[in-house]
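Requesting a structural model of the entry that follows:
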Amino acid sequence: MTSAPAKAFVFFIGNDIGFWGAHQDLAKRLAGAGYDVVGLDVKLFFGRLPDDSAARARLFGDSVAVMIALARRELGADSIPVVLGGHSLGAEVASWIAAHAAPPRLTGLLLISSRGRGHLRATLSDIANRSAPTEPGSYSVADNIAALPASVRVAIVRGTDDRFRADDAELIRAGGGRIDKWSVPWGGHSMSNILLAGPFVERALGWTLRR
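Residues are numbered from 1 along each chain as shown. Here you go, the predicted model:
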């Protein structure tokens, strides 16, 4: 008996402390709901990139395209929709990939606790969640969203107690009619309680696939 194909291939980027326990629990939940899920420990990967911003972006874009292609081939997921997702720094990186190195069949972008700006590195400021980056080489998440094809839906998942929730107004404006937001009651920036946040993430992910 042949099993049914997965609903979508989800490439999920970890935050500034890596692909930690909460992300693994979320991946298991989504896999149980019928998705193929692959996670990237972005902090570990960033540590191997050159310092020059242009070279860093070029190498990261090329590398992540190969990673996604190999993972899809391994899972037999070449013909199903793709959703790029991430948490915090990982969400910002997911927006960069969607705008600059989009895989074939990209259908959705899942942004959990995204700040308004991001960069292709993990710093002490990121870990402390003090502020969004502004240095040369950093980028606007709203600009990345605005650059996406109209066919790509964007889902924001945000805790009601997240200190960066004010950034959502700009992100929503950039997304126009193909963006929506799910608010997690009592949720903070870390979204570490997957029992609480998981159902909202699952609903948001399902919405990105509706046509």
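
How confident was the prediction at residue 1?
pLDDT recorded at residue 1 is 42.

any idea of the mean pLDDT in the one helix or strand residue 59 maps to?
Assigned by DSSP states H and E, residue 59 belongs to helix 53-75. When pLDDT is averaged along helix 53-75, the result is 97.

Repeat that for stretch 133-143.
For stretch 133-143, the mean confidence score works out to 96.

buried set for that stretch?
Using 16 or more other C-beta atoms under 10 Å as the test for burial, stretch 133-143 gives 133, 139-142. From N, CA and C alone the C-beta is placed, and that goes for glycine too.

hang on, the earlier thing: give me the mean pLDDT for the very next helix or strand once past the helix holding residue 59.
Moving toward the C-terminus from helix 53-75, the first helix or strand encountered (DSSP H and E) is strand 82-87. Throughout strand 82-87, pLDDT has a mean value of 97.

ranges for the helices of this protein?
Remark: helices assigned in the chain by DSSP state H are 21-32, 42-46, 53-75, 89-100, 124-128, 141-146, 168-175, 194-208.

Identify the bridge partners of the residue nearest to residue 205 when sequence neighbours are not counted.
Closest residue to residue 205 apart from its sequence neighbours, by C-beta to C-beta, 6 or more residues apart in numbering: residue 110 at 5.7 Å. Per DSSP bridges, residues listed as beta-bridge partners of residue 110: residue 85, residue 155.

isn't residue 110 right up against residue 87?
No - counting by C-beta atoms under 8 Å, residue 110 stays clear of residue 87, with 9.3 Å between them.

Check the contact lists of those two and give me the overlap.
By the contact definition C-beta atoms under 8 Å, 6 or more residues apart in numbering, residue 110 and residue 87 are jointly contacted by residue 12.

More neighbours: these two, which one.
Per other C-beta atoms under 10 Å, whichever of residue 110 and residue 87 has more neighbours is residue 87, with 30 against 26.
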